[in-house]
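**Q** return a 3D structure for these sequence lines:
(one chain, ligands or ions: 2)
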Amino acid sequence: MLTAPHPSSAPAKPVLDFKWPAEGIARAPYRLFTDPEIYKLEQDRIFRGRSWNFLCLDVELPKAGDYRTTTIGETPVIVTRDHDGKIHAMVNRCAHKGALVCLKKQDNVASLTCVYHAWNYGLDGQLKGVAFRNGVRGQGGMPSDFDVAKHRLQPVRIESFCGMIFGTFSTEVEGVEAYLGPEMAQFIKRNLDRPLRILGTHSQTIHNNWKLYAENLRDSYHATLLHTFYTTFKVNRLDMDGGIILSDEKWHHVSFARRAKLQEAAEYSDAKVHSANYESALEGPRLLKAWEEFDDGITHSIQTVFPNMCIQFTLNSLAIRFFAPRGVDKTELFWIFLGYDRDTEEQSQMRIMQSNLTGAAGLVSLEDGCINEFVQRGTRDDPGGASFMEMGGRVAESEKNSRATETAVRGFWQGYRGIMGF
Ligand code: FES
Ligand SMILES: [Fe+2]
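**A** Numbering: from 1, shown residues only. Ligands and ions are numbered 1, 2, ... in the order given. Presented below is the predicted three-dimensional model:
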């Protein structure tokens with residue numbers, strides 16, 4: 001279906017027969033969530049292309065010899081800290097026959113050794129030793145022109161910003177701060193520009209295309225409808241003061257709300273907005289006990305960085321979520337719950353308690369995990385169909401006074417179309 005007729009005798013070049021609907025970014029063709037050719041192209045154009053991908057946090061590698069494995073798209077990656085304290089990243093693929101070199105999620109090692117034939121690499125990915133290089137008892141071994149310097153783990157370009165380590169395969173993409181743009185960089189600094197402390201992590205597999213999760217993070221429209229707890233207990237509602245800021249390319253965003261500035265809107269008493277009508281009280285009200293951390297009044301924010309991460313700050317619950325595609329209809333989602341080094345024990349406990357608002361035992365991760373799968377299942381037999389996203393207009397622009405809009409979702413598609421060439 002994807003092979004173009006070719007006039008010459010040269011081998012036919014596969015091309016993608018794909019056209020975006022004329023309505024533009026207010027539509028997302030369902031085919032994008034199920035087509036293996038598009039999925040493959042995304043690996044090249046996005047994950048191995050001009051994007052910065054969140055790899056891990058600096059604080060996850062405190063000591064020399066620490067490593068952490070992750071992925072950029074589907075490419076396995078190792079991040080290490082060497083004996084000079086320097087961070088390195090490289091593809092987790094042995095220069096011999098391509099086996100994974102590091103097998104654990106994290107560890108502390110003197111060097112990296114492939115389990116298959118014991119090739120040994122320094123923490124910077126340079127090949128150091130090849131087992132039986134000179135053969136055994138003078139027999140066998142590598143040819144005399146074999147040069148260890150020519151066989152190393154493929155390096156990944158990295159940059160650190162506010163304690164986050166980003167990686168890219170692109171030599172052309174601008175630095176991370178320029179990639180984020182000034183407004184995005186400033187909001188990340190608000191949340192992360194101080195020593196961090198990891199409070200806990202978890203991960204989940206969601207059974208949907210990665211872009212449905214990328215959309216969902218930018219979908220301020222659903223946040224107070226699907227997540228009924230947020231509405232009922234006034235954690236996040238669209239009748240709070242709030243808005244959305246998009247980056248210049250529109251593919252990163254911040255959505256923010258101020259809980260103290262709630263003016264109850266009549267729309268929430270509409271019987272169909274079910275959560276607003278609950279007469280509920282918490283048996284454990286300390287779940288919502290929070291303190292003011294910033295003087296801008298913002299009590300809830302979600303900030304995305306294209307393609308694979310978000311920073312969430314709900315009351316005092318600070319977390320980084322990042323995700324990796326694991327096939328056209330499967331995505332692995334990772335959560336890192338954070339506090340600051342300066343936090344008191346009581347503050348740490350409050351953050352941990354509030355992680356239940358979104359965490360594994362909580363509400364949001366479960367609800368979003370389900371809903372994205374519902375979209376995957378609802379659309380997979382209709383590749384010619386498309387979603388309809390005109391809430392708040394048909395373009396992608398910042399909307400500083402309202403979140404009753406799908407502007408950030410359209411922004412994702414604008415950026416996606418640009419980098420994919422669609
Ligand atoms: S594949 Fe790694 S040493 Fe052979
Ligand atoms: Fe959600």
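**Q** beta partners of the closest residue to residue 326 other than its chain neighbours?
**A** Distances taken as CB to CB, 6 or more residues apart in numbering put residue 332 closest to residue 326, at 5.3 Å, once the chain neighbours are dropped. Every residue, glycine included, has its C-beta placed from N, CA and C. Taking DSSP bridges, one finds residue 205, residue 324 as the beta-bridge partners of residue 332.
**Q** so what's the residue nearest to residue 86 when sequence neighbours are not counted up against?
**A** Taking CB to CB, 6+ apart as the measure, residue 86 lies nearest to residue 124, with 7.8 Å between them; neighbours along the chain are not counted. When the contact criterion is CB atoms under 8 Å, 6 or more residues apart in numbering, the partners of residue 124 are 80, 82, 86, 88.
**Q** next one: residue 35
**A** For residue 35, the contacting residues are 328, 383, by CB under 8 Å, 6+ apart.
**Q** so where's the stretch 301-422 of the chain shaky on pLDDT?
**A** Applying pLDDT under 70 to the stretch 301-422 of the chain flags residues 361.
**Q** so residue 202 touches residue 362, yeah?
**A** No: shown here, residue 202 and residue 362 do not form a contact pair, counting by CB atoms under 8 Å, at 10.5 Å.
**Q** hang on, residue 336 packs against residue 317?
**A** No: contact criterion CB under 8 Å: residue 336 and residue 317 do not qualify, at 11.9 Å.
**Q** who's more crowded, those two?
**A** Higher neighbour count among residue 336 and residue 317: residue 317, with 25 against 22, using other CB atoms under 10 Å.
**Q** can you pull the contacts of that one?
**A** Applying CB under 8 Å, 6+ apart as the definition, the contact partners of residue 317 turn out to be 337, 351, 354, 355, 357, 358.
**Q** again with residue 123
**A** With contacts defined as CB under 8 Å, 6+ apart, residue 123 is in contact with 64, 65, 67, 80, 81, 82, 83, 88, 109, 111, 112.
**Q** of the contacts of residue 124 - the most surrounded one?
**A** Greatest neighbour count in the contacts of residue 124, by other CB under 10 Å, goes to residue 80: 25 neighbours.
**Q** what's the helix or strand in which that one is found packed up against?
**A** Using DSSP states H and E, residue 80 maps to strand 75-81. Packed against strand 75-81 by the contact rule (3 or more CB pairs under 8 Å, 6 or more residues apart in numbering; DSSP states H and E) you find strand 53-57, strand 66-72, strand 87-91, strand 164-168.
**Q** of all these, which one is nearest ligand 1?
**A** Smallest distance to ligand 1 across the helices and strands packed on strand 75-81 (CB to the nearest ligand atom): 12.8 Å, for strand 87-91.
**Q** may I have the strands that pair with the helix or strand just after the closest one, each with its orientation?
**A** Beyond strand 87-91 in the direction of the C-terminus, DSSP H and E gives the next helix or strand as strand 106-108. The strands beside strand 106-108 in its sheet (DSSP bridges) come out as strand 66-72 (antiparallel).
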